Each structure stands twice: as structure tokens, then as C-alpha cells.
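Participant: take this sequence and fold it.
(one chain, ligands or ions: 1)
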Amino acid sequence: MASESPPGASGAVAGAGANVAAALIGRFQKICGTEHVITHPHDLHAYRSDGLTHFQVMPAVAVLPNSAEEVQAVVRACHAARVPWVARGAGSGLSGGALPVADGVLLVLTRMNRILEVDLDNHLVVVEPGVTNTAVSAAVGPHFFYPPDPSSQTVCTIGGNVAENSGGAHCFKYGFTTNYVLGLDVVLTDGEMVTLGGHGEVDVPGYDLLGAFVGSEGTLGVATRITLRVIPTPEHTRTLVAFFGSVVAASAATSAVVAAGLTPCAIEMMDALSIAASEQMAHAGWPAEAGAALLVEFDGTLADCEAGFAELKAICVDTGSTQIRVARTAAERSVFWKMRKSAFPAAGRISGRYYVQDGVIPRTRLPEVMARVEELGAEHGLKVANVFHAGDGNLHPMVCYAGPDEAARAEKVATLILQACLDAGGSITGEHGVGVDKKGYMPRMFDEPDLAAFQKLRCAFDPDGLANPGKVMPTPRLCGEVPGPNRVHPLEAAGLAERF
Ligand SMILES: Cc1cc2nc3c(=O)[nH]c(=O)nc-3n(C[C@H](O)[C@H](O)[C@H](O)COP(=O)(O)OP(=O)(O)OC[C@H]3O[C@@H](n4cnc5c(N)ncnc54)[C@H](O)[C@@H]3O)c2cc1C
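Facilitator: Next up is the predicted model:
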């Protein structure tokens, strides 16, 4: 998680607003109970940012509903009062997606954490949005599992995963959240409840609004009931870690594995800095002199695993691996994964502050782009730790910095890394979303007609611009061709538009 920047370092910090009328707060208290409506600044402090603490805004109020009906009533009240709101799951997002709007309402969904139905005959599970990612696999295990596995999986919610179309280590083989969401109940911004998609039994005709909602970052409504596909747990798993002299060498190995047509379920990379940081948490005893580690896993039948494993080892040797360790027991495998999954939090052990970036490149360009990342860090005198989904070409450089003076430099390096991804034919985000952090990059990827098409969709769901305003799109665009007195964006009305 990005560590905390001092207010004003180079992110946005805003104070709590006072425009949410007492009457509206009273309405929320009636709907959710007084103890679930938070207005005291001390208590609101915990909600002022998501995992990207670079940006901080105090909401006017945080409301914690306990049912779809309560969500509906809260959203309806906001609509009637024309007050903007932001949905929030666990707040583990890394792009400022759940950053509150000052003078707005934060709709926190963590109390809605019930598993509603487990239907293994149909490979389905139905959950509320506040259920954590790991709780889904726990509910259907040991014979089934839910494949998308963000490293934050013990805390992040399925609602947040849906809104971000989250990925994880095993998405190389299994795909992303969007490949597992079958149906959603969604509270629209006027408080109406709609069902998108189905319950998995039948193909649903009509426009694919479910597809549009997944990855929409809380801008189209609130998901209150989520039907997910789960799949049978593979019979066998084989895991190894191959060490290389450098990230560039490990990148070449990754490209070779993909080019050979192998389909491991995960190909994850850690550089020397990440290994050093994670070692302090996982104590795996990985070689301190290694320049990079490639964690690769196969699953399926024993024969498939063994065949893939043999070819993989040969590729690693051919591409210069200095050492290969195979997990011989489940405990060893779990230590390997602990090294990988603790890399973000462990980065706090090597740097007080860091800026996490999330970009994508074609896998064949890994060696050259990773060399460029190294170069950029050196040019600007900052360390960059790397831990990422190498198989997906999804980079997560963590630009380390020491204090306010270096914050702007760190942000610059992060921006240049993203530009390098775009120059290599990649994308500005692989899984963390656009949020507030990257909306300024949208015009670098999309031209004006593309952005206008996005905006038309957004306005169709949210004509008043109340749902997570100021996120995803580069500016607070207005719904409708010409802004008029009846079409003033709520952020503009509150004099806050310039913040976004
Ligand atoms: C240590 C660490 C590791 C991580 N690893 C990964 C990883 O491997 N892969 C990955 O993809 N991400 C990763 N992330 C990022 C983050 O965990 C994911 O984006 C996650 O899906 C966010 O879930 P959340 O519940 O915390 O959502 P939040 O951060 O609370 O919200 C995220 C977005 O979802 C919206 N939202 C939340 N709930 C709803 C709802 N019910 N309806 C509509 N919109 C909603 C919010 O408005 C916001 O835009 C990591 C984060 C950390 C801190």
C-alpha cells in the first residue's frame, strides 16, 4: 500500500465539507441507525483516502448501510438532495477510486458481508458486495475456488473487485473478475434497483450492461448483490521459483515461456529490492544476491503439470537462471506465495513512502521496458522496487521516496514509467483502475470521440453526475451538450470542480 504523504505533498488534500444538511444526515440515521452514520472528524479520518494515500479528502459523512434496501434509501435521499456520493468497499484501491468528495457522502459497504447462496451444482455463489475475496473461496472450498486473487484478497471486497475488474496472480490462466461475474443487482443513482446479467443458467439477451458495469469504478451505481462463477479446484499444483541475475534476464525468460505456448496458472516477478523487503516478512531464505525471482505455477492433471514443468525448467536454464527451487510441500509453496503476496506491505520496510504504479505492456516488450524503468529510477536518483504479474505484462513499479521534497520527483518517475508503457503499445492500467490518479492520462490513450462515447454511457446511468464524480474521466464533464442552469455539475455547484 502506498504509504502516507504529508498533506499537500503533491497529491490533493481537502477538508471536510459542511454542505450535507443536518436534515439529510438525520434521514441517513433513520435509514441505517445513528451508530452507522459517521460525522465526527476524528472518526471520518479513517475514510479520507483509499490505499493511494497521496490523495486525501474528508467526506462530510460516511454511511454504513446493512442491506440493499438501505443502500437504495440512502441513494434516493442523495438524489433528492442532489448530493454526490462515493461507494467504498475496504478502501484498498490504489488509484484513489474510493476517494471521498468533500461535502459528499461516502457509502461504505463493508457491513453487507453475507454469503447469500452457495450452489455448487451450478458452480455459483451469490454474495453481498462487502464479502472479502478470500471469503468467497472459503465458502466454496475445498472442491471449488474463485480464481481472481488480488494480493489484497484477505481484505478487499467483491464489490470493489467488480468495480475495478480486479486481477491477481492467477489471472494469466484464469482471466479477470469480468470473466466470473454472472449477475448483479445494482442500485442506480436515482435509487431504482436493476438486475444486470442473470443467475448463470441462461444467456441473457439485450445489451451487455453487466460488461459495462464491471470495471466502471463506482460511476454507474452501487452493486448490492453479486452472482459469481466458481470453478473446480485443480487436482495438482506444481510451483517453482527461478532466480536470475537481473530483472531484464527474468523478463526474457517470461517472454520465452509465453512464446513457447506454455500456460502456467501464474508467472510472477520480484526484483532484488522486493525480495529483500518480503524476506523480512516471509523468511523464505531466498538468495540475497539474486537480481530477480520468477515464481511460476502450473495446475491441472499431474501429467500436464509435469510436462509443463520440465519445459519451463529447460527455458529457465537456457535464459540464464542461476538457481531453481521447486516447492516440495504445501508449506513450501505457501512460503513462496507469502513472499510474493507480502511484497506491497513489505515495501514499507525498505522505504517510508512509495508511489505504486500500474501499467501494462505487451509481454514481448518486457525486457526493454524493465530496462527503461531501471534507467528512470537511476536518472532521478530514486529506488524503484518491482513486483508484478509478468505473465500478463502488468507492471507494478513502486517508486520509493523519503519525504515531501522527493514526492514530486517520485510522481514524475511514475508518470514517465506509464509513458514508457504507452510508448510500448501498452495501457495506463492493468487492474488498479483509473480513479482520480490516472484520469489525466485518459486522453493519452483515447481520442475525443472515444471519451465522448464513455461519457454518453456514464450520463445514461447517472444524468446528474452524482456517482463518484471526478473519477475516471479527465474532467468533470457535464451530461448534456450545453451546460445550463439546470445542468450544473454538483462539484461545480459546490465550487469544487477545480480539484478534479
Ligand atoms: C497490498 C495490496 C495489493 C493489491 N493487489 C492487487 C492485485 O493483485 N490485483 C488487483 O487488481 N488489485 C490489487 N490491489 C488493489 C485493490 O485491492 C483492488 O482494486 C480491490 O478490488 C479494491 O477493493 P476494495 O473493496 O478495497 O474497494 P475500494 O478501494 O473501497 O473501492 C474501489 C472502487 O470500487 C468502487 N466500489 C466499491 N464497492 C462498490 C460497490 N459495491 N458498487 C459499486 N462500486 C463500488 C469504489 O467507488 C471505488 O471506485 C491491491 C491493493 C493493495 C493495498
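
Participant: nearest residue to Ala256 in space, please, no chain neighbours.
Facilitator: Closest residue to Ala256 in three dimensions, ignoring its sequence neighbours and counting by C-beta to C-beta, 6 or more residues apart in numbering: Ile315, at 5.0 Å. To be clear about C-beta, it is placed using only N, CA and C from the backbone, and glycine gets the same treatment.

Participant: for the closest residue to the ligand within the stretch 401-500 of the chain, what is the enclosing helix or strand?
Facilitator: In the stretch 401-500 of the chain, no residue comes nearer to the ligand than Glu431, which is 3.2 Å away by C-beta to the nearest ligand atom. Using DSSP states H and E, Glu431 sits in no helix or strand.

Participant: if we can go back for a sec, next, work out how far apart the residue nearest to Ala256 and Pro367 are.
Facilitator: 14 Å (C-beta to C-beta, to the nearest Å).

Participant: and the nearest residue to the residue of the stretch 401-500 of the chain closest to the ligand once chain neighbours are set aside, its phi and psi?
Facilitator: Computed as C-beta to C-beta, 6+ apart, the closest residue to Glu431 that is not its neighbour in sequence is Gly167, at 3.8 Å. Here is the backbone geometry of Gly167 (degrees, to the nearest 10): phi -120, psi -160.

Participant: how much space separates the closest residue to the ligand within the stretch 201-350 of the chain from Phe461?
Facilitator: Residue nearest to the ligand within the stretch 201-350 of the chain (C-beta to the nearest ligand atom): Gly218, separated by 2.5 Å. Separation of Gly218 from Phe461 (C-beta to C-beta): 11 Å.

Participant: rewinding a little: so for the helix or strand the residue nearest to Ala256 falls within, mean pLDDT?
Facilitator: Using DSSP H and E, the element containing Ile315 is helix 302-318. For helix 302-318, mean pLDDT is 94.

Participant: tell me how far it lies from the chain's centre.
Facilitator: Put simply, helix 302-318 sits 31 Å off its chain's centre (C-alpha atoms, centre = their mean, to the nearest Å).

Participant: flag every buried residue along that helix.
Facilitator: Residues of helix 302-318 classed as buried under the neighbour-count rule (16 or more other C-beta atoms under 10 Å) are Asp304, Cys305, Gly308, Phe309, Leu312, Lys313, Ile315, Cys316.

Participant: what's the most distant pair in these?
Facilitator: Asp304 and Cys316 (18.4 Å; C-beta to C-beta).

Participant: show the contacting residues for the residue in the stretch 1-150 of the chain that the ligand sits nearest to.
Facilitator: Proximity of the stretch 1-150 of the chain to the ligand (C-beta to the nearest ligand atom) peaks at Gly89, 2.4 Å away. Each residue near Gly89 by C-beta atoms under 8 Å, 6 or more residues apart in numbering is listed here: Ala98, Leu109, Thr110, Pro129, Gly130, Cys156, Thr157, Ile158, Gly159, Gly160, Ala163.

Participant: dump the residue contacts of the residue nearest to the fourth one when sequence neighbours are not counted.
Facilitator: I take that to be Pro129. Residue nearest to Pro129 in three dimensions, not counting chain neighbours: Gly159, with 2.8 Å by C-beta to C-beta, 6+ apart. By C-beta under 8 Å, 6+ apart, the contact set of Gly159 is Ala87, Gly89, Leu109, Met112, Pro129, Gly130, Val222, Ala223, Ile226.

Participant: now the fifth one, what are its backbone angles?
Facilitator: Just to be clear, that refers to Pro129. Torsion angles, degrees, to the nearest 10, at Pro129: phi -70, psi -20.

Participant: circling back to that earlier point, for the helix holding Ile315, packing partners?
Facilitator: Here helix 302-318 touches strand 236-244, helix 247-259, strand 292-300, strand 323-326, going by 3 or more C-beta pairs under 8 Å, 6 or more residues apart in numbering; DSSP states H and E.

Participant: if we can go back for a sec, next structured bit after the helix or strand where the residue nearest to Pro129 lies?
Facilitator: In the assignment (DSSP H and E), Gly159 maps to helix 158-164. Next helix or strand after helix 158-164 toward the C-terminus (DSSP H and E): helix 171-174.

Participant: in that next one, which residues are buried?
Facilitator: Those would be Cys171, Phe172, Lys173, Tyr174, for helix 171-174 by 16+ other C-beta under 10 Å.

Participant: which of the residues you listed lies closest to Ala138?
Facilitator: Checking the buried residues of helix 171-174 against Ala138 by C-beta to C-beta gives Tyr174 as the nearest, at 17.8 Å.

Participant: ok, and the closest non-adjacent residue to the closest one?
Facilitator: Distances taken as C-beta to C-beta, 6+ apart put Pro147 closest to Tyr174, at 3.7 Å, once the chain neighbours are dropped.

Participant: got the contact list for that neighbour?
Facilitator: Pro147 neighbours (C-beta under 8 Å, 6+ apart): Gly168, His170, Cys171, Tyr174, Gly175, Tyr180, Ile231.

Participant: of the residues you listed, buried ones?
Facilitator: Gly168, His170, Cys171, Tyr174, Tyr180.

Participant: so for the most centrally placed residue in the chain, what's the nearest residue that isn't a sequence neighbour?
Facilitator: For the chain, the residue nearest the mean C-alpha position is His432 (3.3 Å; C-alpha atoms, centre = their mean). Spatial nearest neighbour of His432, excluding adjacent residues (C-beta to C-beta, 6+ apart): Asp358 at 4.0 Å.

Participant: ok, now Gln29?
Facilitator: Spatially, and ignoring its direct neighbours in sequence, Gln29 is nearest to Val37 (4.9 Å; C-beta to C-beta, 6+ apart).

Participant: give me the pLDDT value at the one you found.
Facilitator: pLDDT at Val37 comes out at 98.

Participant: can you list phi and psi of it for me?
Facilitator: Dihedral angles for Val37 - degrees, to the nearest 10 - are phi -120, psi 110.

Participant: is it in contact with Ile25, as I believe?
Facilitator: Yes: using C-beta atoms under 8 Å, Val37 is in contact with Ile25, at 6.3 Å.

Participant: return every residue with contacts to both of those two.
Facilitator: Val61.

Participant: more crowded one of the two?
Facilitator: A side-by-side neighbour count of Val37 and Ile25, using other C-beta atoms under 10 Å, places Val37 first with 21 against 18.

Participant: from Ala331, how far out is the more buried one?
Facilitator: Going from Val37 to Ala331 by C-beta to C-beta gives 46 Å.

Participant: can you check His40 too?
Facilitator: Taken as C-beta to C-beta, the span from His40 to Ala331 is 46 Å.

Participant: next: Pro345.
Facilitator: Taking C-beta to C-beta, one finds Pro345 at 21 Å from Ala331.

Participant: so the two - more neighbours on which side?
Facilitator: Taking neighbours as other C-beta under 10 Å, Pro345 and Ala331 compare with Pro345 leading, 15 against 8.

Participant: list of residues touching the host helix or strand of the more buried one?
Facilitator: Assigned by DSSP H and E, Pro345 falls within helix 343-346. With contact meaning C-beta under 8 Å, 6+ apart, helix 343-346 is reached by 1, 151-152, 270, 274, 277-278, 280-282, 356, 385, 387, 396, 398.

Participant: select only the buried ones of these in PyMOL?
Facilitator: Applying 16+ other C-beta under 10 Å to those, the buried members can be selected in PyMOL as follows:
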select buried, resi 1+151+152+270+274+277+278+281+282+356+385+387+396+398
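
Participant: between the contacts of helix 343-346, which is nearest Ala80?
Facilitator: Closest to Ala80, out of all of the contacts of helix 343-346 and judged by C-beta to C-beta, is Ser152, at 35.2 Å.
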